[in-house]
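Trainee: No letters, just coordinates:
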């Protein structure tokens, strides 16, 4: 079994989006509003349970004059943008109104708007107008003297869809408490059902919700807070919100997103930066993976990694299981040329000219492939390489290759 990446394709465009996570305190603690998306063909999220949200519209900037308590400069600084941060806040509120029928707004006296004071016909007309155009929402709010309560939403997370997905979104996540005097009303087209759930119940397999990776991760985070006040205080206190971008990879359970804290993440980004295939989240016995044009990794039945490293002058084997003849045969079969060296952990220090590549045998510290700046080692915790070569990748005898702490810091 060989993991071989396909040729790269043209990068897909990335669209900006905003999501509003609506929270309330239930009898057993914090609850979150979940909407079920309508079933649609050619929709990667068809039927999924989601938070209200959608794409940032170019016309969302027109809503700036209606935004109360926050200007674009402050909103942009909060989101780490040169400008346009208020667009995301406005879009989150607009999308929540369109999809869930909830509008975070204040009246002319600065009091929270209670939509239940409107007739059903008035509310339906407002939602229909808002869905037609941002200009219509602007006119409706201006007519009633309402302002969007952007000061009641808190930015707390930033996600980018993995490379390789059919559609990619750069999404900012905001949270807000359920507004009083309003009720959830899915639009019946984009969203067809709503639920209030404790985060732990929403992610439970027993509930059976179809959840995207990002939705599940946000729910797991929400589940660590006892009530709405605690979470909103946490979100408001955040000073630096890093970008989170999972990566797609293959494995025994099929293709799935791999999150940034998973052991395979660094390697997947190195081998398959565009998400075209070739990255793995599990190392099965017998798997042969090209780590570069010069390096192949072969996984033994025990889980140990051996390596085939070559150049124009021949190939070297780093055999972690020297007593297994079948494993050595598999290594030799993987080599694209004649095997001149077979190395084990106790090989004497030396430098091997592979032809266009130099493999330094470092004794107990492992093996350093200078041109790739890869260190093959048994000791991934206490590695200390006495060499002038900069090590960019630690390639362990078990598990995935990863960047050393010094490279990450740089």
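Mentor: Cool, the structure landed. Because the structure is a prediction, the values reported are computed rather than measured.
Trainee: And the strands in the stretch 301-410 of the chain?
Mentor: Ranges of strands in the stretch 301-410 of the chain, per DSSP state E, counting those that start in this stretch, are 305-311, 314-318, 339-343, 350-353, 358-361, 367-369, 374-377, 393-396.
Trainee: now the longest one: mean pLDDT?
Mentor: Just to be clear, that refers to strand 305-311. Mean per-residue pLDDT for strand 305-311: 97.
Trainee: Let me see the ranges of the helices in the stretch 51-200 of the chain.
Mentor: Taking DSSP state H, counting those that start in this stretch to define them, one finds helices in the stretch 51-200 of the chain at 72-79, 85-100, 120-132, 134-144, 199-203.
Trainee: Show me which residues of the fourth one are buried.
Mentor: Judged by neighbour count (16 or more other C-beta atoms under 10 Å), helix 134-144 contains these buried residues: 134, 137-138, 140-141. To be clear about C-beta, it is placed using only N, CA and C from the backbone, and glycine gets the same treatment.
Trainee: same thing with the first one?
Mentor: Buried residues in helix 72-79, counting neighbours by 16+ other C-beta under 10 Å, are found at 72, 75-76, 78-79.
Trainee: Also stretch 257-266?
Mentor: For stretch 257-266, a neighbour-count test (16+ other C-beta under 10 Å) marks 257-259, 264-266 as buried.
Trainee: Dump the residues you listed to JSON lines, plus secondary structure, distance to residue 169 and pLDDT.
Mentor: Shown next, in JSON lines, are these (DSSP: H, G, I helix; E, B strand; the rest coil; distance: C-beta to C-beta, whole Å; pLDDT from 0 to 100):
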{"residue": "257", "secondary structure": "strand", "distance to residue 169": "13", "pLDDT": "96"}
{"residue": "258", "secondary structure": "strand", "distance to residue 169": "18", "pLDDT": "97"}
{"residue": "259", "secondary structure": "coil", "distance to residue 169": "17", "pLDDT": "98"}
{"residue": "264", "secondary structure": "coil", "distance to residue 169": "23", "pLDDT": "97"}
{"residue": "265", "secondary structure": "helix", "distance to residue 169": "20", "pLDDT": "97"}
{"residue": "266", "secondary structure": "helix", "distance to residue 169": "23", "pLDDT": "96"}
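Trainee: out of the helices of the stretch 51-200 of the chain, which comes closest to residue 162?
Mentor: Taking C-beta to C-beta, helix 199-203 is the member of the helices of the stretch 51-200 of the chain nearest to residue 162, at 19.8 Å.
Trainee: could you point out which element follows the closest one?
Mentor: helix 213-222 (DSSP states H and E).
Trainee: The helix or strand just after that following helix - contacts with which helices or strands?
Mentor: Remark: after helix 213-222, the chain's next helix or strand is helix 228-237, criterion DSSP H and E. Helix 228-237 sits against strand 14-26, strand 29-37, strand 154-160, strand 168-177, with contacts defined as 3 or more C-beta pairs under 8 Å, 6 or more residues apart in numbering; DSSP states H and E.
Trainee: Buried ones in helix 228-237, by neighbour count?
Mentor: 228, 231-232, 235.
Trainee: got the residues you listed as TSV, with distance to residue 19 and pLDDT columns?
Mentor: Shown next, in TSV, are these (distance: C-beta to C-beta, whole Å; pLDDT from 0 to 100):
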residue	distance to residue 19	pLDDT
228	17	98
231	15	98
232	16	98
235	13	98
